[in-house]
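> structure here, sequence nowhere to be found:
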């Protein structure tokens, strides 16, 4: 199966908007590969960046404690090392 050149590229298929949150572009919503594409993008090392962003937002809003933030970020950094990024 032939995929478009943007397939799995996080900054294209799930870019940050003006509000600093990530949004799926309209073009991607119409694409037949959107689910697989986003899963692929999130499975790469850039996906770990997104998870870190979510953790930081949760901490900044008071939803998680410092210790929970530290613990979750430590897990992400271990995964980054495993992936070699």
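Great, that's in hand. The model shown is predicted, which means the values in this text are computed figures rather than measured ones.

> from here on, just use CA atoms for contacts and neighbour counts.
Will do.

> show me which helix runs longest in the protein.
Taking DSSP state H as the criterion, the chain has its longest helix at helix 66-83.

> pull out the buried residues from that one.
Burial within helix 66-83, assessed by neighbour count using 16 or more other C-alpha atoms under 10 Å, is assigned to 69, 73, 76, 80.

> OK, contacts around the second one?
Read it as residue 73. Taking C-alpha atoms under 8 Å, 6 or more residues apart in numbering, we find residue 73 in contact with 52, 55.

> which stretches in the protein count as helices?
Taking DSSP H, the helices of the chain run over residues 10-13, 26-29, 34-43, 45-60, 66-83.

> out of those helices, which is closest to residue 19?
Residue 19 lies closest, by C-alpha to C-alpha, to one member of these: helix 45-60, at 12.4 Å.

> circling back to that earlier point, among the buried residues of helix 66-83, show me the least confident.
Among the buried residues of helix 66-83, residue 80 carries the weakest pLDDT, at 88.

> you'd agree that one is up against residue 46?
No: at 9.4 Å, residue 80 does not count as touching residue 46 under the criterion of C-alpha atoms under 8 Å.

> redo the buried residues of helix 66-83 as a markdown table? Include distance to residue 9.
Listed next are these as a markdown table, based on distance: C-alpha to C-alpha, whole Å:
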| residue | distance to residue 9 |
| --- | --- |
| 69 | 27 |
| 73 | 23 |
| 76 | 20 |
| 80 | 17 |
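
> looking at these, which is nearest residue 53?
When the buried residues of helix 66-83 are compared against residue 53 (criterion: C-alpha to C-alpha), the nearest one is residue 73, at 10.0 Å.
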